[in-house]
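Chemist: Could you work out the structure for the sequence below:
(2 chains)
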Amino acid sequence: EATKIRGMEHWAGGSRSPHAVSPQVLGWRVAAAITWSVLLLPICTAAFIILSGLDPFHPVRWISNSFNDLYTSYVIFCIFLMSMVIIIISIFNIEFYAVVPSIPCSRLALIGKIIHPQQVIHSFVHAIMGMLVTWCATVMTKGRFQFLAVSCTPSEGLEDAVPQMCLNEYHLFFLLSGAFLGYSYSLFYLINNMNYLPFPIIQQYKYLRFRRSLPLLIKHSCVESLHFVRNFCVTYYFFGYIPKVWICTTMDLHTDGKLHPLDTLSGLLDLSLFYHTWLSGVFLLMTWYIAWLLFKIYATESHHFPIQPTFAQETDQCLPKILNSNPPLLIKFLALQDLMLLSQYSPVRRQEVFSLSQPGGHPHNWTAISRECLSLLSDLTQRLIAQQEAAAAANGRAKPPVGELKVPPQTPEDMSFQSQRSNIVLRASMSPLVKPSLMPVKTSPGSDVGSPFSSPALNYKMGVVDIKSPWHGPVQSPHVMRRGPKLWTSVSDQQMNGSHHESFPVLSAARTGTEAVQPRFIYTWLQNKQEQIKTFLSKRALIMYFFSKHPEASIQAVFSDAQMHIWALEGLSHLVAASFTEDQFGVVQTTLPAILNTLLTLQEVVDRHFKLPHVSSKPPRISGSLVDTSYKTLRFALRASLKTALYRITTVFGEHLNAVQVSTEHKKRLQQFLEYKE
Amino acid sequence: QLSVLLSLQLTSEDMIAAFSQAVDWAGCTVRAFAWHPHTNKFAVALLDDSIRVYNSNSATVPSLKHRLQRNVAAMAWKPLCASILAVACQSCVLVWHLDPTSLSTRPSSGCAQVLSCPGHSPVTSLAWAPSGERLLSASPVDTAMLVWDVSTETCVQLQWFGGGGVTYLAWSPDGSKVLAATPSAVFRVWEAQMWTCERWPTIRGRCQTGCWSPDGSRLLFTVLGESVIYSLSFSEYRGEMQGQVGGSKTASIVADLSETTFETLYGEERIGGEVHSMVWDPTGERLAVIIRGEACPLFPPHSGFVRGERGARPQLISFHPCFPQGALLTVCWSSGKISHIPFFFVGALEPHASPRRSPVPVLGSVREQPLFSEL
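Modeler: Numbers count the residues shown, from 1 in each chain, chains lettered A, B, ... in the order given. Down below sits the predicted model:
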């Protein structure tokens, strides 16, 4: 799972990496975020108490009662308890955050994520926390929701000596709704990639960012709570009797015959019940979202890294040092963001970048910064080339002339990307090997060479196998198999409702088929099994549904960490542009050819990427919701900032660029940039 | 805040006409004009909602039409880019991606990105960051101005309370500050790093127009109902002072344009009055203003006037962003004609910081008499 870089692994920070900077920078941010979310809790609680006692016909009594309730001991106890909940939720936010989102490329990968042990723990704890919050809500709401066991309504006629205890189904309903909401929150957290930390497009103070998001947060909580409560009502209608019976037997409670059972239609049509459930849902979601939002705002706030150490022991916290080492990803992101900001706004710090070391006179700062930026960019170039090769190989076309792309050798620093790239290359080189083994399959149903099987569209998917999916290894053959179906276009889709499990023996059989060396054997074998395969293929819709890769998702996955490259581009180009007037010693000049080379090569590759099939050239529309999906459009931002970066350099240097040594092709390209024709 | 209430009652067309930089937006053939920041290319928005793009190197004149391109109030070319044009329309901002090498005269509407946000219409002003990364859009009815990341079509609302919407935007050439005028007697200057603002109440009316000096240290602005130009100076911009605009305490009057009698070749003429729009050339040595329909370039210590053809009144003025020999003023007239008026001079600041403007010793100036430059 190469790109699935979890903050979790890095959070411990200090103990694993030599950098003292991560606990320093991040620890304070986390502490501040948690403190603020706990401090905001009493305000939310007060609003909840006032709204839960809503009594529009007696406004004076309503207001005075609400204010009296605020100071009672049980409310204070509830606030204390919920503070604990907020802290636990915050810890989960911190443990699960990621600056590079992990994008499931197929439905199966998504299911794999949902049943991943980490996620199961996440869901379980959130369900418990949800129950705790709704318990607090019932206590604060008072009235008929407060206790789980109440004394039964004395039935007329029978004079019982001992008053029996009955189950208060409202209370149970509330608790279960809390668990349901907690679980739904956790599920949506996963599906919407809410652990992703998007960096804002403009810098703003934290308070302003929070204020800007608050109306959106309230609206989102209200709407989502409505959806969740509706779903919960449906669930309770069908399965509500199970927990009810269970609680009654374990706690030896009776059911009150006088009251309506809630798992009926009439029981659920209780407006007051619905209102209170919804309100406690809003309360729960709002407090949790506030904790989440504050963490996001604090974690993505820009951090000022020094360029040169004032004291010897601070060397590790300097920007060049951090960029060139392997800190937690968040720190690397913050460092690149700081580089972008200083290159754009701070002449004093730019001067430090261009400065020479005191004894020796080496431009260490500039060398370190430019080397890291260039290695990041050429890394992306490599990755894109590999992806394009894979696509081209899958398309059955001739490979693009990669040889002419002079990609500068890059440092083997980022192991995760290295491994991912090698994976892709591996797949790309594998596909020609797989193809011959499929040939007999092609001839089997009696079709000739001109069968639609050889169409490029069919082979397209071969190279783009989901590397990140945990199912990559064991379930490789279904990928091969699912291409098969298009052969038998006559096969009807009538038996789509067949079970998935039946097909497994066939899958394993097919695997042996693809790996077999002798085509003739497979041919006969396939004829024997034709009937069996046909039944399997008729259920292909289900299999396709789970295995088919969404092309858009796989492209998003390739560009999931593009924010780093965008900042590297912006930082580098601003520095180079500023160097025209500010660089006294000419340190930038020495790297200028390499920079231009890298940028132009990347430009070519990115251009080619946007010409691939399945690649849209326009970003999808993003609705202004609380859930940030900016990672879906990072590639468009990258394309734009790459072009702007090149223009920034060419506009400032102008004709002087003709004196820079680059290859003839790049010279042509540069000329086009100089003439504003790109 | 009567003017705020009034502006909300206007129809959107009236509103655009009231706040546009064009003198007679509703009636004139040319509604908006924009020079490309780096090349000899400009775009003209016409009364029929189409936009023509003229290029000195090419005979083809692409005509841009789009379903949503209604009531164009402003246009702006993206800096550090070959051919991306943002258009402020009735309901949205359209961003045209034109292929600079294409010979097509009718780019398809698929070349246009639509940036829209509920409650943000009509859009009357646009400003690109000089670094080319962000686009600002403003509407007189929306209290928030929007910062767009055009490539991803995401926006951030910059909200404040009081003062109504935003009628006019001007980004300083050094990229550090943004002027945002409102329909009420107050305008704001934003600092473009942390996006905090300073509020400036004016005495008489709303801020009609404004322009920045090339280094972003000085802002000239005019107020509706007064025939003077105010100047506001800012402390030199350094990246370290995050979140401070650094404006001086008071604005000073730098020019009084109240009506005076001038001796001209055609006899005495009375010229003067309120300023409608104002542009400052990129070298910082010429300032052009439109006074109630007269185009008037001012340059210290003298000033001169540009007279159009008989009956023609100036609508829009703009300076060429990179004219190497001095300054090139473009005037759009009510007759529909567009004229370019060159000013040849050697700037006092030469050699200029930008290498593209190597000094070319072309002398010959309109600085000498006569006061009028004939067309």
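Chemist: Mind pulling up the pLDDT for the residue in the stretch 451-600 of chain A that chain B sits nearest to?
Modeler: Closest to chain B within the stretch 451-600 of chain A is A:Thr581: 6.1 Å, counting by Cβ to the nearest Cβ. Glycine gets a C-beta too; all of them are placed from N, C-alpha and C. Note on A:Thr581: pLDDT of 92.
Chemist: That one sits in which helix or strand?
Modeler: helix A:562-582 (DSSP states H and E).
Chemist: before we move on, what about B:Val189?
Modeler: Counting by DSSP H and E, the element that carries B:Val189 is strand B:186-191.
Chemist: residues of that strand that come out buried?
Modeler: Across strand B:186-191, burial judged by 16 or more other Cβ atoms under 10 Å in any protein chain shown covers B:186-191.
Chemist: Could I get those in a markdown table, plus columns for distance to chain A and pLDDT?
Modeler: A markdown table is the format used below for the buried residues of strand B:186-191 (distance: Cβ to the nearest Cβ, whole Å; pLDDT from 0 to 100):
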| residue | distance to chain A | pLDDT |
| --- | --- | --- |
| B:Val186 | 20 | 89 |
| B:Phe187 | 20 | 91 |
| B:Arg188 | 15 | 91 |
| B:Val189 | 16 | 92 |
| B:Trp190 | 11 | 92 |
| B:Glu191 | 10 | 90 |
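Chemist: How about exporting the helix holding A:Thr581 as PDB, limited to the C-alpha atoms?
Modeler: Below are the C-alpha coordinates for helix A:562-582, written out as PDB (Å, rounded to 0.1, in the frame of the first residue of the first chain):
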ATOM      1  CA  ALA A 562       0.500  16.700  -6.200                       C
ATOM      2  CA  GLN A 563       0.200  19.400  -3.600                       C
ATOM      3  CA  MET A 564       3.900  18.900  -2.800                       C
ATOM      4  CA  HIS A 565       4.800  19.300  -6.400                       C
ATOM      5  CA  ILE A 566       2.700  22.400  -6.800                       C
ATOM      6  CA  TRP A 567       4.500  24.100  -3.900                       C
ATOM      7  CA  ALA A 568       7.900  22.900  -5.200                       C
ATOM      8  CA  LEU A 569       7.000  24.400  -8.600                       C
ATOM      9  CA  GLU A 570       5.800  27.700  -7.100                       C
ATOM     10  CA  GLY A 571       8.700  28.000  -4.700                       C
ATOM     11  CA  LEU A 572      11.300  27.200  -7.300                       C
ATOM     12  CA  SER A 573       9.900  29.500  -9.900                       C
ATOM     13  CA  HIS A 574       9.500  32.400  -7.600                       C
ATOM     14  CA  LEU A 575      13.000  32.000  -6.300                       C
ATOM     15  CA  VAL A 576      14.500  31.800  -9.800                       C
ATOM     16  CA  ALA A 577      12.500  34.800 -10.800                       C
ATOM     17  CA  ALA A 578      13.600  36.700  -7.800                       C
ATOM     18  CA  SER A 579      17.200  35.700  -8.400                       C
ATOM     19  CA  PHE A 580      17.300  37.800 -11.500                       C
ATOM     20  CA  THR A 581      17.600  40.900  -9.300                       C
ATOM     21  CA  GLU A 582      18.400  39.500  -5.800                       C
END
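Chemist: Can you name the next helix or strand after it?
Modeler: Using DSSP H and E, the helix or strand that directly follows helix A:562-582 along the chain is helix A:587-609.
Chemist: What is that following helix packed up against?
Modeler: Where contact means 3 or more Cβ pairs under 8 Å, 6 or more residues apart in numbering or on different chains; DSSP states H and E, helix A:587-609 is packed against helix A:364-395, helix A:562-582, helix A:634-653, helix A:664-674.
Chemist: Can you say which of those is nearest to B:Asp49?
Modeler: helix A:634-653 (27.2 Å; Cβ to Cβ).
Chemist: anything in that closest one sitting right up against chain B?
Modeler: Yes: residues of helix A:634-653 are located near chain B by Cβ under 8 Å from any Cβ of the partner chain, namely A:634, A:636-637, A:639-641, A:643-644, A:647-648, A:651-653.
Chemist: Give me the phi and psi angles of the closest residue to A:Val150 other than its chain neighbours.
Modeler: Closest residue in space to A:Val150, ignoring its immediate chain neighbours: A:Asn168 at 4.7 Å, by Cβ to Cβ, 6 or more residues apart in numbering or on different chains. Main-chain dihedrals, A:Asn168, degrees, to the nearest 10: phi -90, psi 100.
Chemist: correct me, but A:Asn168 touches A:Phe147?
Modeler: Yes: A:Asn168 is within contact range of A:Phe147, at 5.8 Å (criterion: Cβ atoms under 8 Å).
Chemist: between those two, which one's more packed in?
Modeler: Just comparing A:Asn168 and A:Phe147: by other Cβ atoms under 10 Å in any protein chain shown the higher neighbour count belongs to A:Asn168, 20 against 13.
Chemist: residue ranges with poor pLDDT in the stretch 51-200 of chain B?
Modeler: The model of the stretch 51-200 of chain B has pLDDT under 70 over residues B:162-163.
Chemist: Low-confidence ranges, the stretch 201-350 of chain B, go.
Modeler: Counting by pLDDT under 70, the stretch 201-350 of chain B shows low-confidence ranges at B:236-243, B:293-302, B:347-350.
Chemist: As a check, name the ranges of all strands in it.
Modeler: B:207-212, B:218-223, B:228-233, B:252-256, B:260-264, B:267-271, B:275-280, B:287-291, B:294-299, B:302-303, B:305-306, B:314-319, B:326-333, B:338-344 (DSSP state E, counting those that start in this stretch).
Chemist: Now that we have those strands, can you turn them into CSV and tack on mean neighbour count?
Modeler: Shown next, in CSV, are the strands of the stretch 201-350 of chain B (neighbours: other Cβ atoms under 10 Å in any protein chain shown):
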stretch, mean neighbour count
strand B:207-212, 23
strand B:218-223, 23
strand B:228-233, 18
strand B:252-256, 13
strand B:260-264, 11
strand B:267-271, 11
strand B:275-280, 23
strand B:287-291, 24
strand B:294-299, 20
strand B:302-303, 14
strand B:305-306, 19
strand B:314-319, 25
strand B:326-333, 22
strand B:338-344, 17
